[in-house]
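Asker: predicted model follows, preceded by the sequence.
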Amino acid sequence: QVQLVESGGGLVQAGGSLRLSCAASGGVYVVAWFRQAPGKEREFVAAISPFGGARSYADSVKGRLTISRDNAKNTVYLQINSLKPEDTAVYYCAARIFSSSVTAKDYPYWGQGTQVTVSS
């Protein structure tokens with residue numbers, strides 16, 4: 001049984017930074033971060049392979065975000081720098097067994113989400 005629990009969200013001023021965490025149990029999987037802003041569809045942000053050798057990012061966030069993982073702690077991180085008001089969203093981590101995907105429906109396992117709010 002795969003369980004994912006996100007943490008680290010909060011209210012931050014534009015230009016600030018946050019590090020989100022996704023605690024995963026039940027195995028080592030491809031883990032991705034998605035985000036969903038009010039009234040918008042859930043969008044892919046970043047993904048990392050089971051042992052961290054491959055990472056991918058959405059073009060809209062490339063250069064400001066870093067995804068990493070510590071399998072000894074069963075945790076995947078998302079470091080977000082230079083936060084902008086448009087980064088405001090609920091951030092979800094998701095897992096799947098095989099290769100990464102940018103499509104939310106390809107991920108069978110999801111966390112409950114953590115809210116990130118960026119004030120201008």
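Answerer: Cool, the structure landed.

Asker: contacts, neighbours, all on C-alpha from now
Answerer: Will do.

Asker: pull the contacting residues for the residue nearest the centre of the chain.
Answerer: Nearest to the mean C-alpha position of the chain, counting by C-alpha atoms, centre = their mean, stands W33 at 2.5 Å. Contact analysis of W33 by C-alpha atoms under 8 Å, 6 or more residues apart in numbering lists 44-47, 78, 91-94.

Asker: any idea how far it lies from R96?
Answerer: 12 Å (C-alpha to C-alpha, to the nearest Å).

Asker: just K40 next, same as before
Answerer: Distance, K40 to R96, using C-alpha to C-alpha: 23 Å.

Asker: for the two, indicate the residue with more neighbours.
Answerer: The neighbour count for K40 versus R96, taken as other C-alpha atoms under 10 Å, is higher for R96 (20 against 9).

Asker: where exactly do the strands run in the chain?
Answerer: 3-7, 10-13, 18-25, 30-36, 43-48, 55-57, 65-70, 75-80, 89-96, 109-110, 114-119 (DSSP state E).
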